[in-house]
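*Asks:* Turn this into a model:
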Amino acid sequence: KDNRVLMFQTGSPNISENKFLNKKLGIESIKKDTKSNFNSSYSIASLDTISKDWKRLYINNIFENPLFHFNANYDNVSENILIFGGYSDFQYKNDFYLFDISSSVFNKLLLRGDKISPRFRSGIGKLDDGTLLVYGGEGNLSGDQSIGKIPFNDLYNIDLKNNSIYLVWEKEYDYARNS
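*Replies:* Residues are numbered from 1 along each chain as shown. As a prediction, this is how the structure comes out:
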């Protein structure tokens, strides 16, 4: 509505000398003398598409480790960003976080009702004010990556006004047909 684009990163790269871990996380090895450069960056910013000016909205890391393949939904009215799921530190995630841009506060949302299995690469969409839908993704019941991953074919209704989740429908994955 006001010609802004939001940019955010969920955490600074895991600065490690472990080349295998760096490759797994998708980052390049970082020289020891450049580590201090990350302290002057920001994790959420807004770009005004007309003036081309950046505005810092949040400076601190959102999470301890970077989060990949998560869902995000921006609510233009409340100016909140909702983050769901993702993959980090060899774990699939199923947490909901809400960032209030006006107060720069991050909170983990505690939702009652049905439980969504840990997953990444799912889809999220806004149904109406205060209601989101989460569809599918990949993960497993425990969230532990070493167990492997399964595709989910399910749809959840997230009611942010009542802080609740309910399963709308679910279909088992047909391994025989899709192997």
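*Asks:* dump the residue contacts of residue 75.
*Replies:* By Cβ atoms under 8 Å, 6 or more residues apart in numbering, residue 75 lies in contact with 81-82, 126, 129. C-beta: built from backbone N, CA, C; applies to glycine.
*Asks:* gap between it and residue 136?
*Replies:* To residue 136, residue 75 is 22 Å away according to Cβ to Cβ, to the nearest Å.
*Asks:* again, but for residue 156
*Replies:* 10 Å.
*Asks:* Mind checking which of those two has more residues around it?
*Replies:* residue 156 (24 against 15; other Cβ atoms under 10 Å).
*Asks:* what's the nearest residue to that one if we skip its chain neighbours?
*Replies:* Sequence neighbours aside, residue 134 is the residue nearest to residue 156 in space, at 4.6 Å (criterion: Cβ to Cβ, 6 or more residues apart in numbering).
*Asks:* Pretty sure the one you found sits against residue 158.
*Replies:* Yes. Using Cβ atoms under 8 Å, residue 134 is in contact with residue 158, at 6.1 Å.
*Asks:* what's the overlap in contacts for those two?
*Replies:* Jointly contacting residue 134 and residue 158 under the rule Cβ under 8 Å, 6+ apart are residue 84.
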